[in-house]
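S.K.: the following block contains a protein sequence and its predicted model.
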Amino acid sequence: METNNPRELLRDEIGHYCRRLNLSQNPVQLCATEGTLKKEEFLHRILQEEIAGRERNRKARLLARAGFPVYKTLDGFEQRPVRFPSIDVKQDILSGTFIAAKQNLVFFGPVGTGKTHLAIALGVMACENSLSVRFHTVTELILRLSEAHKAGRLERLLKDLQQADLIILDEWGYIPVDRDGSQLLFRVIADAYETSSLIITTNIEFSRWGSVFTDDQMAAAMIDRLAHHGHLILFDGPSYRMEHALMRQGPRKGAIPAALTT
């Protein structure tokens with residue numbers, strides 16, 4: 001039964017905090033029999049601070065475990081060069097709800113257009129929402145998979161990836177991959193199918209994936225799994241890095257002579 005009694009409401013919150021902290025309801029009972037208002041308010045504050053501290057620590061662990069190369073947020077992201085399939089899809093992506101739906105995102109466009117920035121920002125937001133994220137460049141991940149395979153630890157590494165809510169694979173197709181590496185990467189894609197969300201950043205169109213991964217059929221199987229519950233997000237425009245490169249700024253004292261940059 002609902003109550004408007006401030007003391008009862010305070011004890012209800014104390015009981016709720018105890019459940020969240022896996023404590024018994026004994027503190028609530030003691031409040032009812034022996035507590036004063038000040039004691040109950042102090043206990044309420046202690047439990048509240050404990051929950052907040054645990055949540056901060058959990059988020060910090062998730063961020064550290066994700067392996068982001070840098071910290072990025074949506075606040076610093078320029079959306080102008082990005083083309084989303086629809087307003088609804090854009091809202092699902094920027095709110096992070098695509099992760100709960102186990103949807104995949106392929107960010108396609110030239111280098112320097114913000115693909116990695118947006119991928120990391122979405123990953124950081126997922127960690128803030130207490131979700132598990134793994135970030136890897138494709139080259140680094142294949143190297144780790146290969147080393148784990150040789151050392152007999154492949155299944156352990158794959159299991160760690162399977163437990164992630166979101167897997168970000170950066171620089172997809174930037175460097176050709178041999179057949180063994182392609183097969184290992186296919187395991188990651190296949191294991192994530194309908195169990196986790198994937199974000200892939202690439203400047204390689206689908207028609208060239210076969211040449212990059214040495215096997216047209218394997219590339220087609222990857223695309224099939226990614227596209228089934230996925231969206232293609234297009235990034236246009238000039239490279240942000242080139243637009244803001246120091247080499248493009250006016251000459252300064254001690255600057256590199258123009259002849260050396262042309």
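M.R.: Perfect, thanks for sending it.
S.K.: so what does the helix or strand hosting Gly210 touch, helix or strand wise?
M.R.: Here Gly210 sits within helix 209-212, counting by DSSP states H and E. Other helices and strands packing on helix 209-212, by 3 or more Cβ pairs under 8 Å, 6 or more residues apart in numbering; DSSP states H and E, are helix 216-228. All C-beta atoms are positioned from the backbone trio N, CA, C, and that covers glycine.
S.K.: tell me the mean pLDDT for the helix it packs on?
M.R.: The pLDDT scores in helix 216-228 average 92.
S.K.: and for it, what's in contact with it?
M.R.: By Cβ atoms under 8 Å, 6 or more residues apart in numbering, the surrounding residues in contact with helix 216-228 are 104, 106, 182-183, 185-186, 189-190, 193, 198, 200, 206, 209-210, 212-213.
S.K.: and for stretch 37-57?
M.R.: So stretch 37-57 is in contact with 7, 10-11, 13-14, 17-18, 20-21, 27, 31, 35, 130, going by Cβ under 8 Å, 6+ apart.
S.K.: buried members of these into ChimeraX, please.
M.R.: To isolate the buried members of the contacts of stretch 37-57 in ChimeraX, using 16 or more other Cβ atoms under 10 Å:
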select :10,11,14,17,18,27,31,35
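S.K.: backbone phi and psi for Asp170, please?
M.R.: Dihedral angles of Asp170 (phi, psi; degrees, to the nearest 10) stand at phi -90, psi 150.
S.K.: low pLDDT regions in this protein?
M.R.: Along the chain, segments meeting pLDDT under 70 span 1-4, 237-262.
S.K.: which helix of the protein spans the most residues?
M.R.: The helix that spans the most residues within the chain, counting by DSSP state H, is helix 37-66.
S.K.: please name the nearest non-neighbouring residue to Gln91.
M.R.: Thr97 (7.9 Å; Cβ to Cβ, 6 or more residues apart in numbering).
S.K.: how much space is there between that neighbour and Leu131?
M.R.: To Leu131, Thr97 is 11 Å away according to Cβ to Cβ, to the nearest Å.
S.K.: just to revisit the earlier point, buried subset of the contacts of helix 216-228?
M.R.: Among the contacts of helix 216-228, the ones that count as buried by 16+ other Cβ under 10 Å are 104, 106, 182-183, 185-186, 189, 198, 200, 206, 209-210, 212-213.
S.K.: who's in contact with Gln183?
M.R.: Contacts of Gln183 by Cβ under 8 Å, 6+ apart are Met218.
S.K.: so it is in which element?
M.R.: Element membership for Gln183 (DSSP H and E) is helix 179-192.
S.K.: for the chain, what spans make up the helices?
M.R.: So, for the chain - with DSSP H - the helices run 6-20, 26-34, 37-66, 87-95, 97-100, 115-128, 138-151, 154-162, 179-192, 209-212, 216-228, 240-243.
S.K.: still on that earlier bit, of the contacts of stretch 37-57, which is the nearest to Lys72?
M.R.: Closest approach between the contacts of stretch 37-57 and Lys72, by Cβ to Cβ: Ser130, at 18.9 Å.
S.K.: skipping adjacent residues, who's closest to the closest one in space?
M.R.: That would be Arg58: by Cβ to Cβ, 6+ apart, it lies 6.4 Å from Ser130.
S.K.: Thr73 too?
M.R.: With Cβ to Cβ, 6+ apart, the residue lying closest to Thr73 is Ala121, at 5.2 Å.
S.K.: quickly note the distance from that neighbour to Val70.
M.R.: According to Cβ to Cβ, Ala121 stands 10 Å off from Val70.
S.K.: same thing with Lys90?
M.R.: Separation of Lys90 from Val70 (Cβ to Cβ): 24 Å.
S.K.: among these two, which residue is more densely surrounded?
M.R.: Neighbour comparison, Lys90 and Val70: the larger count goes to Lys90, with 16 against 8 (by other Cβ atoms under 10 Å).
S.K.: phi and psi next, for the nearest residue to the more buried one once chain neighbours are set aside.
M.R.: Nearest non-adjacent residue to Lys90, counting by Cβ to Cβ, 6+ apart: Phe84, 3.9 Å away. With angles defined as degrees, to the nearest 10, Phe84 sits at phi -90, psi 150.
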